[in-house]
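K.L.:
only the shape, not the letters, is given here:
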Ligand SMILES: [Fe+2]
């Protein structure tokens, strides 16, 4: 696979299967893709890259469902020769981003996993807006994090949601309803 070429959506789904992702993970990735593409259209993000990144964001779940599945997925994608733009979407998709400090506390290799590009943000947040394979209002996720006393995470979720909603010109909860 050429380093520059993005795989087609069909190739992405084949890659998930070949890596051994469960049908539940594949269904989740497709649901995240549907939402991510809508947000990409609305915010002006690169739709093709977002679609590929969303379909492959959880490819690391073929190895582990733990916090390292983003890292595992990035490693797999790199080995496959996928473009760095896709690798970084996978590596930075966890929650609303993990800072270097948080990464240390979580036992991850200390580095900043915050989504930086618009495409990275769109995929990370589309994942936040999908519970298994259904759209959820972001407030439900924020409330859940507040109940678990993850205040910093809840704040970052709200900020990411507001940033993308502002770019879109409407609240993403309404866009996806
Ligand atoms: Fe994930």
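P.N.:
Arrived safely, thanks for sending. Source: prediction; values computed, not measured.
K.L.:
who touches stretch 51-59?
P.N.:
Residues from elsewhere that reach stretch 51-59, judged by C-beta atoms under 8 Å, 6 or more residues apart in numbering: 6-7, 9, 12-13, 15-16, 19, 21, 25, 28-30, 32-33, 35-37, 40, 69, 73, 76-77, 82, 85-86, 89-90, 93, 119-120, 123, 126-127. Where C-beta positions appear, they are placed from N, C-alpha and C, glycine not excepted.
K.L.:
quick one, helices of this protein?
P.N.:
9-19, 23-43, 47-56, 69-79, 84-91, 100-106, 118-128, 138-147, 151-168, 172-175 (DSSP state H).
K.L.:
would you reformat these as a markdown table and include mean pLDDT, distance to residue 63 and mean neighbour count?
P.N.:
Listed next are those as a markdown table, based on pLDDT from 0 to 100; distance: least, C-beta to C-beta, whole Å; neighbours: other C-beta atoms under 10 Å:
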| stretch | mean pLDDT | distance to residue 63 | mean neighbour count |
| --- | --- | --- | --- |
| helix 9-19 | 98 | 8 | 16 |
| helix 23-43 | 98 | 11 | 19 |
| helix 47-56 | 98 | 14 | 25 |
| helix 69-79 | 97 | 4 | 20 |
| helix 84-91 | 98 | 12 | 22 |
| helix 100-106 | 93 | 17 | 14 |
| helix 118-128 | 98 | 18 | 26 |
| helix 138-147 | 96 | 25 | 16 |
| helix 151-168 | 97 | 24 | 17 |
| helix 172-175 | 96 | 30 | 18 |
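K.L.:
surely residue 9 is in contact with residue 33?
P.N.:
Yes. Using C-beta atoms under 8 Å, residue 9 is in contact with residue 33, at 7.5 Å.
K.L.:
relative to residue 8, how far out is the spatially most central residue of the chain?
P.N.:
The centroid of the chain falls nearest to residue 124 when counting by C-alpha atoms, centre = their mean (3.2 Å). Noted for residue 124: a distance of 23 Å to residue 8, by C-beta to C-beta, to the nearest Å.
K.L.:
kindly report the same for residue 155.
P.N.:
From residue 155 to residue 8 the distance is 38 Å (C-beta to C-beta).
K.L.:
ok, residue 54 next?
P.N.:
Between residue 54 and residue 8 the distance is 14 Å, computed by C-beta to C-beta.
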